[in-house]
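Novice: Mind folding the following:
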Amino acid sequence: MFDADMKRDGHVLCVSLTPAWQETLEFDRMSVGEVNRCRRNTFSAAGKGANVARVLTTLDVRTVLLSFCGGEIGRLWLDDLKNAGVRTEVIQTKAATRVCQTLLDRSTGEITELVREAPLPTPTEWKKLFRRFEERLDQARLVIFAGALMPGAKKTVYRDLARLARQQDVPVLIDSQKMPLQITLSQRPLLVKLNVHELGNTLNRTLRSDKQIIAAARALMKHGAQQVVVTHGAKGAWLVQPDRVWRFTPPRIQALNPIGSGDAAMAGIVYGILKGWVMAEAIRFAMACGAANALTLTPGEIDVEVVRKLSRQVTGST
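Specialist: Model (predicted):
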């Protein structure tokens, strides 16, 4: 466990609008158009927000995961998180929670994701979520929005929730992309985190160089983001602030399953913020969390001692 002072009053409110029941299938070798027999499959609760909440709980950060949940699959999702110690606050939906699959080809290391879109909640279910969000804001130390919106959702959902948080002076961190992110920038989120591909999609730009990535991050800041973290897998990450830019290099590892590593990194950032670290140190720790996640089969799972060791291998410079 980490320091006990993380248990003081207040919680992190993590909003996950698109939960998923994740099946991870491992194959010795996969061939497109052929019969492929998996050697092992594993199930776990997932979705970006759920992954963030799982890692925060492992780091001993008091966290409340606010999410939709429906059907028998939803009950499996909820039970898995409860067994992991994650404190949940769910809005029951008529539609069942989605199932997504990750296919791991051990012969090549290639990973294929089969993603079902999350179902659209009813108007009544949306109202319940907003009401529950306002209730949980009273004790929130900060709020995290993680994940894309489901098809058909209003693009203003994150902005409207962020506005409620801002009215109560609760800082917001967001990991999303495209229009839902762009609209939310007006609420001046404390931090925006996304990967290079998502950043390019958000601004409709091709990003090939460090200079282009940094310029794109600054474009988000021009429209309201206070600082931006851009990740690029094993190639590293950038922290772009008003007065400086940091470039970080992650530790070298042999990844087992990198799915969820960006979510683990977001949890690491939050941990650093709550500890009062300067942001550069928080990002260094976050990259160790992301790498530790990639060493496990289950998204959103880390070994705290592994994080400690890996954090010493992360390098950063301005």
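Novice: pretty sure residue 177 contacts residue 204?
Specialist: No. Taking contacts as CB atoms under 8 Å, residue 177 lies outside contact range of residue 204: 11.4 Å. Yep, even glycine has a C-beta here, placed from its N, CA and C like the rest.
Novice: Could you check which of these two is surrounded by more residues?
Specialist: Neighbours around residue 177 and residue 204, counted as other CB atoms under 10 Å, are more numerous at residue 177. The numbers are 20 against 7.
Novice: pLDDT score for that one?
Specialist: Residue 177 carries a pLDDT score of 97 in this model.
Novice: How about the one 3 residues further on?
Specialist: Residue-level confidence at residue 180 comes out at 97, pLDDT.
Novice: Touching, it and residue 147? I think so.
Specialist: No. Residue 180 is beyond contact range of residue 147, at 9.5 Å (criterion: CB under 8 Å).
Novice: If you count surrounding residues, which of the two has more?
Specialist: For residue 180 versus residue 147, neighbours defined as other CB under 10 Å are more numerous around residue 147 (26 against 22).
Novice: Relative to residue 139, how far out is that one?
Specialist: 23 Å (CB to CB, to the nearest Å).
Novice: Over to residue 279?
Specialist: Remark: distance between residue 279 and residue 139 (CB to CB) = 24 Å.
Novice: Looking at the two, which is more packed in?
Specialist: residue 279 (18 against 13).
Novice: Mind telling me what element the residue most central in space within the chain is part of?
Specialist: Residue closest to the average C-alpha location in the chain (CA atoms, centre = their mean): residue 263, at 3.0 Å. Residue 263 belongs to helix 261-275 when assigned by DSSP states H and E.
Novice: what about dumping the CA coordinates of that helix to PDB?
Specialist: Provided in PDB are the C-alpha atoms of helix 261-275 (Å, rounded to 0.1, in the frame of the first residue of the first chain):
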ATOM      1  CA  SER A 261      -2.300   1.300 -20.000                       C
ATOM      2  CA  GLY A 262      -3.500   4.800 -20.800                       C
ATOM      3  CA  ASP A 263      -6.100   4.500 -18.100                       C
ATOM      4  CA  ALA A 264      -3.500   3.300 -15.600                       C
ATOM      5  CA  ALA A 265      -1.500   6.400 -16.500                       C
ATOM      6  CA  MET A 266      -4.500   8.600 -15.800                       C
ATOM      7  CA  ALA A 267      -4.800   7.000 -12.400                       C
ATOM      8  CA  GLY A 268      -1.100   7.600 -11.800                       C
ATOM      9  CA  ILE A 269      -1.500  11.300 -12.600                       C
ATOM     10  CA  VAL A 270      -4.400  11.600 -10.200                       C
ATOM     11  CA  TYR A 271      -2.300   9.900  -7.500                       C
ATOM     12  CA  GLY A 272       0.500  12.400  -8.000                       C
ATOM     13  CA  ILE A 273      -1.900  15.400  -7.900                       C
ATOM     14  CA  LEU A 274      -3.400  14.300  -4.700                       C
ATOM     15  CA  LYS A 275       0.000  13.700  -3.200                       C
END
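Novice: list the buried ones in it?
Specialist: 261-274 (16 or more other CB atoms under 10 Å).
Novice: Could I get the full set of strands for this structure?
Specialist: 11-16, 20-27, 40-46, 63-69, 87-92, 98-105, 111-114, 140-146, 172-175, 191-195, 228-231, 237-240, 245-249, 315-317 (DSSP state E).
Novice: who does the shortest one pair up with?
Specialist: Spelled out, it's strand 315-317. Using DSSP bridges, strand 315-317 pairs in its sheet with strand 245-249 (antiparallel).
Novice: residues in contact with the partner strand?
Specialist: 210, 214, 236-239, 280, 283-284, 287, 314-318 (CB atoms under 8 Å, 6 or more residues apart in numbering).
Novice: Show the buried residues in those.
Specialist: If we count by 16+ other CB under 10 Å, those have these buried: 214, 236, 237, 238, 239, 280, 283, 284, 287, 314, 316.
Novice: What is the end-to-end distance of stretch 239-259?
Specialist: 21 Å (CA to CA, to the nearest Å).
Novice: what about the nearest residue to residue 16 once chain neighbours are set aside, neighbour count?
Specialist: Spatial nearest neighbour of residue 16, excluding adjacent residues (CB to CB, 6 or more residues apart in numbering): residue 49 at 2.3 Å. Other residues near residue 49 number 25, with proximity taken as other CB under 10 Å.
Novice: With residue 215 instead?
Specialist: If you count neighbours by other CB under 10 Å, residue 215 ends up with 14.
Novice: same question for stretch 204-224, mean pLDDT?
Specialist: The model assigns stretch 204-224 a mean pLDDT of 97.
Novice: just the CA coordinates of it, formatted as PDB?
Specialist: The C-alpha trace of stretch 204-224 is given here as PDB (Å, rounded to 0.1, in the frame of the first residue of the first chain):
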ATOM      1  CA  ASN A 204      -8.300  16.700 -37.800                       C
ATOM      2  CA  ARG A 205      -4.500  16.900 -38.200                       C
ATOM      3  CA  THR A 206      -1.800  14.500 -39.100                       C
ATOM      4  CA  LEU A 207       0.800  14.500 -36.300                       C
ATOM      5  CA  ARG A 208       4.200  13.000 -37.200                       C
ATOM      6  CA  SER A 209       6.800  15.100 -35.400                       C
ATOM      7  CA  ASP A 210       7.300  16.400 -31.800                       C
ATOM      8  CA  LYS A 211       6.700  19.900 -33.100                       C
ATOM      9  CA  GLN A 212       3.400  19.000 -34.600                       C
ATOM     10  CA  ILE A 213       2.300  17.200 -31.400                       C
ATOM     11  CA  ILE A 214       3.200  20.000 -29.200                       C
ATOM     12  CA  ALA A 215       1.500  22.600 -31.400                       C
ATOM     13  CA  ALA A 216      -1.700  20.500 -31.400                       C
ATOM     14  CA  ALA A 217      -1.600  20.200 -27.600                       C
ATOM     15  CA  ARG A 218      -1.200  24.000 -27.400                       C
ATOM     16  CA  ALA A 219      -4.300  24.400 -29.600                       C
ATOM     17  CA  LEU A 220      -6.300  22.600 -26.900                       C
ATOM     18  CA  MET A 221      -4.800  24.900 -24.300                       C
ATOM     19  CA  LYS A 222      -5.800  27.900 -26.400                       C
ATOM     20  CA  HIS A 223      -9.400  26.800 -26.100                       C
ATOM     21  CA  GLY A 224      -9.400  26.100 -22.300                       C
END
